[in-house]
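> Build me a model:
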Amino acid sequence: MTRFGPLLARWGATLLLILAALAVGLWLWQHYEQEPWTRDGRVRADVVRVTPDVAGLVTEVAVTDNQQVEPGDLLFVVDRPRYRLAVAEANTAIASARTALAQARREAARDVALGELVAKETHEQNLARVDTAQAQLQQALTRREGAELDLERTNVRAPVHGTVTNLNLHKGDYVSSGQQALALIDRASLRVEGYFEETKIPRIHIGDPVEVELMGDDHVLEGRVESIAAGISDADRATGEGALPAVDPTFNWVRLAQRIPVRVRLTKVPKGGRLISGRTATVTVLPPEHRPATRTAATGHDPADMVGPRTGAARP
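As a prediction, the model looks like this:
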């Protein structure tokens, strides 16, 4: 028995090493191939393209780059003196139209007073002049409303809670109507999107808790799966002649898993965490024991996610 002791010890140690290697290999396979996590995540936000409704020279820029603004805050001003002149011109046209209407009404009233001394045709013409003058006055009033609206919109204001980004607008620049002048990052829309391999999508459910780690940041952000993309682009298919599908005739037998965008609504951002649109993130969907115990059978949604619109997005 003593003779076989060292041999059994060596066999035992070898067996333990093999079992440990198998356990480590199985864990690595489970972690990298099965568990729903990805380093391919991004902080995303909606970009509001601020465009003036009127054209002209920029006479004032009221914000600076990377400044946070609230809805209604003044961003910049477009050529107010020119649009004030347009309002004054519209007021002059209204005064002229009112004078013409008053004169037409006096002539029509005089015809009525004279009775049969005035030809019926002349009386009808004077009544037509009254109608025409009334229409011209209404047209002048409408033009003034348009001029006043243009004057009001020379003050371009922030439509959302946002952050001015990449500001390249200066006093004296000329802006055209409908042409983007600056961009706002909508802070209420800040979120994280993780691009998961399609093989991991079956393990992801709406409402699942998520942990997010931003590259270069030690803070751990918390959130929930808000939605899973309904479709992605097919690189092997295009539209050909006659609107028929043009499918690539070659096929690569080594098929890589497609990546599906999964949108994460942030519910907790630690103090000091900086949410910057475009930052790289590691997104981990937590295992079943961390998921909510109660779900609706029909949709699989967490009931807390189904109460009204979501307006409590994280802010930087």
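> Distance of Ala281 relative to Arg187?
Distance of Ala281 to Arg187, computed by CB to CB, to the nearest Å: 17 Å. Any C-beta I mention is one placed from the backbone N, CA and C, and that applies to glycine too.
> Check Pro209 too.
With CB to CB as the criterion, Pro209 and Arg187 are 23 Å apart.
> In terms of neighbours, single out the busier of the two.
Shown here are Pro209 and Arg187; by other CB atoms under 10 Å, Arg187 has more neighbours (21 against 18).
> Thought Ala45 was touching that one, still the case?
Yes: at 7.4 Å, Arg187 counts as touching Ala45 under the criterion of CB atoms under 8 Å.
> Show me where the protein has its helices.
5-29, 80-114, 120-152 (DSSP state H).
> Please point out which parts of the longest one sit buried.
Which is helix 80-114. 82-83, 86-87, 90, 93-94, 97, 100-101, 104-105, 107-108, 111 (16 or more other CB atoms under 10 Å).
> and which of these is nearest Ile228?
Distance to Ile228 across the buried residues of helix 80-114 (CB to CB) is lowest for Tyr83, with 48.3 Å.
> OK, contacts around Arg106?
Arg106 makes no contacts at all, as judged by CB atoms under 8 Å, 6 or more residues apart in numbering.
> so where's the stretch 1-150 of the chain uncertain?
1-5, 7, 27-34, 107-127 (pLDDT under 70).
> hmm, try it at 90
Scanning the stretch 1-150 of the chain for pLDDT under 90 picks out 1-37, 93-140, 142-143.
> Quick one: residues contacting Ala140.
Per CB under 8 Å, 6+ apart, neighbours of Ala140: Ala90, Ala93, Ile94, Ser96, Ala97.
> now the spatially most central residue of the chain: how far from Gly162?
Nearest to the mean C-alpha position of the chain, counting by CA atoms, centre = their mean, stands Asp46 at 3.2 Å. Relative to Gly162, Asp46 is positioned 9 Å away (CB to CB).
> Determine which of the helices of the chain approaches Val285 most closely.
Among the helices of the chain, the nearest to Val285 by CB to CB is helix 5-29 (17.8 Å).
> what's near enough to touch Val192?
Val192 neighbours (CB under 8 Å, 6+ apart): 41-44, 210, 212, 221, 223, 263-264, 266, 281, 283.
> Find the nearest non-adjacent residue to it, please.
Of all residues not flanking Val192 in the chain, Val264 sits nearest, at 4.3 Å (CB to CB, 6 or more residues apart in numbering).
> since we're on the one you found, how many residues are nearby?
27.
> how about it, what does it touch?
By CB under 8 Å, 6+ apart, the contact set of Val264 is Arg191, Val192, Glu193, Gly194, Val210, Val212, Gly223, Arg224, Val225, Glu226, Val283.
> Could you rerun that using 10 Å?
41, 43-44, 191-194, 208-212, 221-227, 281, 283, 285 (CB atoms under 10 Å, 6 or more residues apart in numbering).
> beta partners of it?
Under the criterion DSSP bridges, Val264 forms beta bridges with Val192, Val225.
> Quick check: it vs Val69, distance?
Distance, Val264 to Val69, using CB to CB: 26 Å.
> likewise Gln134?
According to CB to CB, Gln134 stands 45 Å off from Val69.
> about what we covered before: phi and psi next, for the residue nearest to the centre of the chain.
phi -80, psi 140 (degrees, to the nearest 10).
> oh, and call the first residue 5 from now on, that's how I've got it
Okay, using 5 as the starting number, the last item reads as Asp50.
> Arg269 and Leu225 touch, don't they?
No: if you go by CB atoms under 10 Å, Arg269 and Leu225 don't touch, sitting 11.0 Å apart.
> okay but Gln143 is in contact with Ala97, surely?
Yes: assessed by CB under 10 Å, Gln143 is found in contact with Ala97 at 8.6 Å.
> what residues are up against Glu149?
Val91, Ala94.
> make that Glu215, sorry
Contacts of Glu215 by CB under 10 Å, 6+ apart are Trp41, Val224, Leu225, Glu226, Gly227, Val268, Thr286, Val287, Thr288, Val289, Leu290, His294.
> Around the first one, how many other residues sit close by?
Right, the one you point to is Trp41. 18.
> Could you measure from the closest residue to it other than its chain neighbours over to Gly182?
Nearest non-adjacent residue to Trp41, counting by CB to CB, 6+ apart: Thr288, 4.0 Å away. Distance, Thr288 to Gly182, using CB to CB: 43 Å.
> Of Arg269 and Leu225, which one has the most company?
Comparing Arg269 with Leu225 by other CB under 10 Å, the one with more neighbours is Leu225, at 23 against 19.
> Am I right that that one is in contact with Leu279?
Yes: with contact defined as CB under 10 Å, Leu225 and Leu279 form a contacting pair (8.3 Å).
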